[in-house]
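kindly generate the corresponding structure for this input.
(one chain, ligands or ions: 1)
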Amino acid sequence: MTATQVKVKIISNRKIKNNCWRLELDSGAIARSASPGQFLEIKVCDEGLPLLRRPISIHGVNGSRVQLIYEVVGSGTRVLSGRRKGEFLDIIGPLGKGFEYGRKPVGKSVLVAGGMGVAPLLFLARRLKPAKPLVLIGAGSKEQLLCLQEFKAFGCRMAIATDDGSAGFKGKVTEMLDRLLREMPDAGRPGNIYACGPQPMLKAVAKICRGHNISSQLSLERHMACGFGACLGCVVSTKSGYKRVCKEGPVFKGEELVW
Ligand code: FES
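Down below sits the predicted model:
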């Protein structure tokens, strides 16, 4: 399905933890066509400010339900958190190019999530479910970890890292990834590493994967004005020139990006 602009009903919009909310929308067309890594551009209110839509990655689909999680970080997401069940939201989507994965992925898959980076990776874990991917989740502290139960429910093997050591490995999730790859026998090396999280984390994942000669797919975050390739406000530098995160991404091969 090409991206369309539609009004969709809010099924629920609930706080799940700290500043994080889960939004569930009713749209069979988007649920059927969305793939992990794609996002929606959401107009958070019909009148008044903010005017610009907010890009939010798709967290999962279930029947005709489309799930998103978002963090309240500014005026747009604050307004969105005030929207209620039964109201309608104007959205455009699904947008962007998501993760590449086969029906039968070659080699093991490792998913690396930092903070809100769990959002698209849970959707990917669901699609990779028969292959039981290994999921590494990092956050500042135990309180900030998200979606652990959901990943477990998909049969994923998991490892956790927290900056303050309040849960799992003490340190960055990227240190844990590097250690894991060093300790892995060649035969057990992953075929794919998928990551989503803050920019410094993604840069570190790309470097580590390069060092271990493993391909990575990274989902980038950028401020997006239009969300469909028109304003050039979201470009990143790659080995083959500037690319639009909203159009040619948000998922790029780590080895293609110029940091
Ligand atoms: Fe306008 Fe990407 S947000 S080109």
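
for the ligand, what's the nearest residue on the stretch 51-200 of the chain?
Going by Cβ to the nearest ligand atom, the ligand is nearest to Pro55 of the stretch 51-200 of the chain, at 7.8 Å. Where you see a C-beta, it was placed from the backbone N, CA and C, and this is true even at glycine.

tell me where the stretch 101-250 of the chain has helices.
Remark: helices assigned in the stretch 101-250 of the chain by DSSP state H, counting those that start in this stretch are 118-127, 148-153, 173-183, 199-212.

tell me which of those is the most buried.
Among the helices of the stretch 101-250 of the chain, ranked by average contacts under mean count of other Cβ atoms under 10 Å, first place goes to helix 118-127 (a mean of 25).

report all helices and strands that that one contacts.
Identification of packing neighbours for helix 118-127 by 3 or more Cβ pairs under 8 Å, 6 or more residues apart in numbering; DSSP states H and E yields strand 54-62, strand 65-71, strand 108-114, strand 134-139, helix 148-153, strand 190-196.

could I get these in CSV, plus columns for mean pLDDT?
CSV is the format used below for those (pLDDT from 0 to 100):
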stretch, mean pLDDT
strand 54-62, 96
strand 65-71, 97
strand 108-114, 94
strand 134-139, 97
helix 148-153, 95
strand 190-196, 93
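
of these, which is nearest Cys226?
strand 54-62 (10.0 Å; Cβ to Cβ).

show me how far the closest one is from its chain's centre.
Offset of strand 54-62 from its chain centre (Cα atoms, centre = their mean, to the nearest Å): 8 Å.

show me where the protein dips below the pLDDT cut-off.
Within the chain, the segments meeting pLDDT under 70 span 1, 103-107.

so which bits of it are right by the ligand?
Residues of the chain lying close to the ligand by Cβ under 6 Å from any ligand atom are 224-227, 229-234, 244, 246.

what is the most widely separated pair among those residues?
Farthest-apart pair in these is Gly227 and Leu232; separation 12.2 Å (Cβ to Cβ).

higher neighbour count, those two?
Under the neighbour definition other Cβ atoms under 10 Å, Gly227 and Leu232 were set side by side, and Gly227 has more, 26 against 12.

tell me the secondary structure at the nearest residue to that one once chain neighbours are set aside.
The shortest distance from Gly227 to any non-neighbouring residue, by Cβ to Cβ, 6 or more residues apart in numbering, is to Glu41 (3.9 Å). Three-state assignment for Glu41 (DSSP: H, G, I helix; E, B strand; the rest coil): strand.

right, and Glu41 touches Leu95 too?
Yes. Between Glu41 and Leu95 a contact is recorded at 6.2 Å, counting by Cβ atoms under 8 Å.

who touches both of the two?
55, 227-228 (Cβ atoms under 8 Å, 6 or more residues apart in numbering).

picking up where we left off before, Ile160: which of the helices and strands packed on helix 118-127 is closest?
For Ile160, the closest of those is strand 134-139, at 5.4 Å, according to Cβ to Cβ.
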